[in-house]
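Peer 1: starting from these lines, generate the structure:
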Amino acid sequence: MRIAVSDTQPLVDDAAVTGNAASRDDGVVGGRISARSTLMVAGLLLAGGGVPLLVALMALRDPRWYPSLDYAVTELRVRDVATSHAPMVGLAGRIHGHGQQGSHPGPVSFWLLWPTYKLFGSSGWALQAATAAVNLTALGAALWIAGRRGGRGVLLGVAAALSLLMLGYGIDRLTEPWNPYMPMLWWVVLLLAVWSVACDDLRLLPVAVFAGSFCAQTHVPYIGLVGGLFVFLMVVLGVRARRAEGGGRRHLLGWGALSLGLLATLWLPSVIDEMRQHPGNLAILRENFAHPTETPIGLGGRAVEVWLADLDLWRLPRPGWSFDVAPIGSPVSGLILLCAWAAAVGITWRRRHAAPSIWRLHLVVAVALLLGLVSVTRIFGPVWSYLLLWARGTTVLVVVATVWSAASAWAKGPPGRCPPRWVAGGGVAVLLTVLVGSTACLTATAARATMPDPDESTVLAHLVPDTVDALLEGGSPGGGSGARYLVQWSDAMAVASAGYGLVLELERAGVDVGGPANAATNLVPHRVRSPVDATASVTFVRGAEVVERWQSNPDVVEVAYFDPRTAGEMARSHELRAGIDARLRDANLDSLVDLMDRNLLVASLDERLPSELRPDIREMIELGQPAAVFVGPPDVAVS
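Peer 2: Numbering: from 1, shown residues only. Okay, here's the model as predicted:
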């Protein structure tokens, strides 16, 4: 390996960072081209990749989307950016420690969403546009790094692989502002940036720090993966520091100091939260993983099966449901790809001095695969596929490294046995076909994009306008000048999904609202309001029996009502409920009858429920239930 050192040139190896369409050392066919030409190609590919996102945003523009649950909470946190209540931690999650619910580690995602969100009008659709912009930025960064590392040949290969990846993720995951979705493409950026640093391209060190911090802060499954890659980077930089001399060492220390400062800045909010709260969120996270509520998978057959299944190449372009239980792909197909990659590693090892960039890519892939297996072993609870979305990004790098190794070895074959010129053109044609075909398929689905959780949005669309009008007019109990409302909910259909959406929409309308103390982790403390500090309560209720009880309460006023069912559907729902109640009472399960009054969803998941009744309850849930909003005294009780 040769190292070039100057005041303006980073430490580079023979991958020709400065813009080689195909590095002569790595054996890719083609001559040296300018960095500007490669950048133009990357820009064209980025524009093509942005077409599905643009089409999806156009399709999502109308009708208006009313966010609920995590989407609503995310928008509330984005609204806090650049205020005195700037977010310090991430979204609340399935994280528990010290007797409290915890959040994902940090707020970088909220800050990254904020500029586009504000630019497009601070609406639910603006949040979707901001999510698409975050993913488009990640796509651009990945293409830029690929072109910078290997020129146009590698750039086209990475672009084709990313087009398959985006097709497999689906347009919903690329536009929905849910925290497990936002790091998906940034994980690929991190792997490419780490590879570049391993090739002595230190200008990519801050990119690796940002991408890794974004992933780890936004969704907790990335913590171990990112931490392991950061340790790998420290080892690489330590070796480089020992070997570098004079200007090279100063160059390394300069970029290292800049990256360390960026790392400290990105994690400062989490540290501040840890110092302010007792326990802080980082302490809750430590407790969550040190003493999990369930036994992790561990290193065994199940973990290996899940790990291999996520290497299934044929699953890469196929969308799936985020709550499918892993493994989803074929472990056999994953094993075949793993063996092909191992063979490529063997080929590259013998010519690692002639192809250092490829060899170092394999090294990064090996670290990512090992970290992925360790990460799988630490999963506890249901192994839902959304916990493993990062694995598809790793698979992309496995494919790129394997194909590049084969192409490089063939192109640098013995003298007189070089492949015909048409082979290179054929390879380009194949990559372009994959790229165009995948993008076209994704665009076709984007044209039919639908809003997230449309049923909850429909409920809010019917309730919010009447509720806002009633509160702003001031004629409801506790209204008028200086009115302060406590928003609470009793939802027989979901886990408070629409309740959070109601808080968001009332705040958006300028109503002074706060939520109950038991929702403090989601709403954050400054939105929590006690009955003592409120002039009235705004209560969302859903479920036929619950709504009827509230309608008979003389202390409250109904300000909005909506029933999504037709007359025929209402009759069918009553018929189903009567039959379920009779069979439960015959089975001495009266407590389940009461539970159905309070929450159909919870009742449907109860282990005591006879299996033959589950389809009937699911049908009731699909039919929907009436919902209403009531305004009353601040201390009115809600179950």
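Peer 1: can you list the low-confidence ranges for the protein?
Peer 2: 1-34, 413-424, 639 (pLDDT under 70).
Peer 1: and the longest helix for it?
Peer 2: When the chain is parsed with DSSP state H, its longest helix is helix 124-169.
Peer 1: packing partners of the next helix or strand after that helix?
Peer 2: Using DSSP states H and E, the helix or strand that follows helix 124-169 in sequence is helix 171-175. When contacts are defined as 3 or more CB pairs under 8 Å, 6 or more residues apart in numbering; DSSP states H and E, helix 171-175 packs onto helix 35-60, helix 124-169, helix 421-446. C-beta here means a position set from N, CA and C on the backbone, and glycine is covered the same way.
Peer 1: try 10 Å this time
Peer 2: Under the contact criterion of 3 or more CB pairs under 10 Å, 6 or more residues apart in numbering; DSSP states H and E, helix 171-175 touches helix 35-60, helix 124-169, helix 184-198, helix 421-446.
Peer 1: out of the ones you listed, deepest packed?
Peer 2: helix 184-198 (a mean of 28; mean count of other CB atoms under 10 Å).
Peer 1: other SSEs contacting that helix?
Peer 2: Partner elements for helix 184-198 (3+ CB pairs under 10 Å, 6+ apart): helix 108-119, helix 124-169, helix 171-175, helix 205-218, helix 222-243, helix 356-377, helix 390-411.
Peer 1: residue 534: which of the helices and strands packed on helix 171-175 is closest?
Peer 2: For residue 534, the closest of these is helix 124-169, at 26.0 Å, according to CB to CB.
Peer 1: okay, the angle between that closest one and helix 356-377?
Peer 2: 110 degrees (axes from the mean of the first three to the mean of the last three CA atoms, to 10 degrees).
Peer 1: distance to residue 530 added to the helices and strands packed on helix 184-198, as CSV?
Peer 2: Converted to CSV, the helices and strands packed on helix 184-198 look like this (distance: least, CB to CB, whole Å):
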stretch, distance to residue 530
helix 108-119, 26
helix 124-169, 29
helix 171-175, 37
helix 205-218, 31
helix 222-243, 34
helix 356-377, 41
helix 390-411, 41
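Peer 1: so which of the ones you listed comes closest to residue 549?
Peer 2: Proximity to residue 549 (CB to CB) singles out helix 124-169 among the helices and strands packed on helix 184-198, at 31.3 Å.
Peer 1: between the helices and strands packed on helix 171-175, which one is closest to residue 76.
Peer 2: Taking the helices and strands packed on helix 171-175 one by one with CB to CB, helix 124-169 is closest: 10.5 Å.
Peer 1: report the inter-axis angle for the closest one versus helix 108-119.
Peer 2: Interaxial angle, helix 124-169 versus helix 108-119 (the same axes, to 10 degrees): 130 degrees.
Peer 1: okay, angle between helix 124-169 and helix 421-446 too, please.
Peer 2: Counting by the same axes, to 10 degrees, helix 124-169 lies at 140 degrees to helix 421-446.
Peer 1: pull the distance from helix 124-169 to the chain's centre.
Peer 2: Chain-centre distance of helix 124-169: 15 Å, with CA atoms, centre = their mean, to the nearest Å.
Peer 1: next one: stretch 353-370
Peer 2: The mean C-alpha position of stretch 353-370 is separated from the chain mean by 27 Å, CA atoms, centre = their mean.
Peer 1: tabulate the helices and strands packed on helix 171-175 (JSON lines), appending distance to residue 505.
Peer 2: Formatted as JSON lines, the helices and strands packed on helix 171-175 follow (distance: least, CB to CB, whole Å):
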{"stretch": "helix 35-60", "distance to residue 505": "18"}
{"stretch": "helix 124-169", "distance to residue 505": "9"}
{"stretch": "helix 184-198", "distance to residue 505": "28"}
{"stretch": "helix 421-446", "distance to residue 505": "27"}
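Peer 1: for the ones you listed, which one sits closest to residue 235?
Peer 2: helix 184-198 (9.9 Å).
Peer 1: alpha carbons only: can I get the closest one in PDB?
Peer 2: Extracted C-alpha coordinates of helix 184-198, given in PDB (Å, rounded to 0.1, in the frame of the first residue of the first chain):
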ATOM      1  CA  MET A 184     -32.300   1.900   7.100                       C
ATOM      2  CA  LEU A 185     -30.300   3.700   4.300                       C
ATOM      3  CA  TRP A 186     -28.100   5.500   6.800                       C
ATOM      4  CA  TRP A 187     -26.800   2.100   7.900                       C
ATOM      5  CA  VAL A 188     -25.500   1.500   4.300                       C
ATOM      6  CA  VAL A 189     -23.900   5.000   4.400                       C
ATOM      7  CA  LEU A 190     -22.100   4.100   7.700                       C
ATOM      8  CA  LEU A 191     -20.700   0.900   6.200                       C
ATOM      9  CA  LEU A 192     -19.500   2.700   3.100                       C
ATOM     10  CA  ALA A 193     -18.000   5.500   5.200                       C
ATOM     11  CA  VAL A 194     -16.200   3.000   7.500                       C
ATOM     12  CA  TRP A 195     -14.800   1.300   4.400                       C
ATOM     13  CA  SER A 196     -13.500   4.600   3.100                       C
ATOM     14  CA  VAL A 197     -11.800   5.400   6.400                       C
ATOM     15  CA  ALA A 198     -10.200   1.900   6.200                       C
END
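Peer 1: the helices in the stretch 501-639 of the chain, which residues?
Peer 2: Applying DSSP state H, counting those that start in this stretch to the stretch 501-639 of the chain gives helices spanning 520-523, 544-551, 567-586, 590-598, 600-605, 614-623.
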